[in-house]
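Asker: Quick one: sequence and predicted model below, then my questions.
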Amino acid sequence: MAGTEELSFSEAIMAAGDAFHRFPLIKIQGVPLMCHIVHNWDSIRAFCPDPSDLLIATYPKAGLSLLKKMDPPRVIKTHLPFKLVPEGFWKNKCKAIYVARNAKDNLVSYYHFDRMNLTQPEPGPWDGYIHKFMNGELAWGSWYDHVKGYWEEREKRNILYIFYEDMKENPQREVERIMRYLDLSLADDVISRIVELTSFKTMKENPMTNYSFIPKPVFDQSISPFMRKGVVGDWTNHFSPAQAQLFDEDYERKMKDADIPFRTDI
């Protein structure tokens with residue numbers, strides 16, 4: 001959870017130094033997670049949100065103790081697949097926003113993130129990483145299960161499901177959509193300011209969103225910046241024709257029963 005995300009950073013920073021090492025993955029209900037998240041799993045599973053809390057869920061690149069000290073309403077970020085989200089979010093009818101990105105661009109971005117994130121398992125070569133992604137062997141599990149899990153529950157759980165590609169194509173439209181979902185009414189100039197502050201260019205220059213404050217033994221941004229390109233279609237610069245064909249065939253098998261309207265270009 002968002003909690004788990006902050007926990008990852010804080011524990012990784014404390015581990016940085018002579019004894020620093022990459023953390024192994026341990027499975028919870030078949031989902032590979034960082035070992036320190038698994039060690040705190042009982043408190044994560046038991047977390048009880050306030051009905052006013054907002055959950056933002058993504059597959060990656062989408063400390064509960066900190067959350068316990070914060071007063072509601074809170075914005076809580078998670079990479080957990082739907083089946084592992086604490087039940088309290090749904091019992092308390094919390095609003096939730098899920099952000100999904102097309103598989104190929106998500107894979108490319110995650111690969112570069114795993115190269116520079118020295119808390120994650122060694123990603124290995126690109127060709128092998130493609131297979132890890134397709135097999136759901138990366139931290140936080142299968143992209144396919146992740147995007148389908150929230151999609152299938154979106155109406156029952158009142159989840160706002162939005163696409164990264166739509167946000168890149170028309171950010172103001174998507175911000176207004178989020179505002180309506182949250183029952184907010186904002187002036188046009190405020191919405192324009194939100195669009196400006198959440199643009200990739202602005203966030204890439206903001207230390208709080210580019211994570212430049214994370215020490216190099218944790219995030220080695222000389223390998224790859226945390227915020228790298230943020231474009232749609234960068235996958236074409238990484239996949240060979242043979243890799244793209246292999247991936248597309250596997251994608252069709254895994255997504256044949258899902259009608260999620262992903263786009264790989266805009």
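Answerer: Great, that's in hand. Small disclaimer: the values here were computed from a predicted structure and weren't measured. Numbers count the residues shown, from 1 in each chain.
Asker: Check the separation of the first and last residues in stretch 25-42.
Answerer: 17 Å (CA to CA, to the nearest Å).
Asker: what does that stretch rub up against?
Answerer: Residues lying outside stretch 25-42 but in contact with it, judged by CB atoms under 8 Å, 6 or more residues apart in numbering, are 4, 7-8, 11, 23-24, 44, 64, 80-81, 83-84, 119-121, 136-142. C-beta here means a position set from N, CA and C on the backbone, and glycine is covered the same way.
Asker: Could I get the full set of strands for the stretch 51-200 of the chain?
Answerer: For the stretch 51-200 of the chain, the strands defined by DSSP state E, counting those that start in this stretch occupy 54-58, 75-78, 95-100, 159-163.
Asker: got those as a markdown table, with mean pLDDT columns?
Answerer: Listed next are these as a markdown table, based on pLDDT from 0 to 100:
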| stretch | mean pLDDT |
| --- | --- |
| strand 54-58 | 94 |
| strand 75-78 | 91 |
| strand 95-100 | 96 |
| strand 159-163 | 97 |
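Asker: Adding distance to residue 169 as columns, could you present these in TSV?
Answerer: Conversion of the strands of the stretch 51-200 of the chain to TSV gives the following (distance: least, CB to CB, whole Å):
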stretch	distance to residue 169
strand 54-58	18
strand 75-78	23
strand 95-100	14
strand 159-163	9
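Asker: Out of these, flag the one nearest residue 230.
Answerer: strand 95-100 (13.0 Å; CB to CB).
Asker: Please work out which residues outside that closest one touch it.
Answerer: 54-59, 62, 89, 147, 150-151, 154, 157-164, 167, 178, 181-182, 260, 262.
Asker: Could you tell me which of these count as buried?
Answerer: The neighbour-count test (16 or more other CB atoms under 10 Å) applied to those identifies 54-59, 62, 89, 147, 150-151, 157, 159-164, 167, 181, 262 as buried.
Asker: do you know which of the strands of the stretch 51-200 of the chain lies nearest residue 111?
Answerer: strand 54-58 (16.5 Å).
Asker: helices or strands up against that closest one?
Answerer: strand 75-78, strand 95-100 (3 or more CB pairs under 8 Å, 6 or more residues apart in numbering; DSSP states H and E).
Asker: Noted, bye for now.
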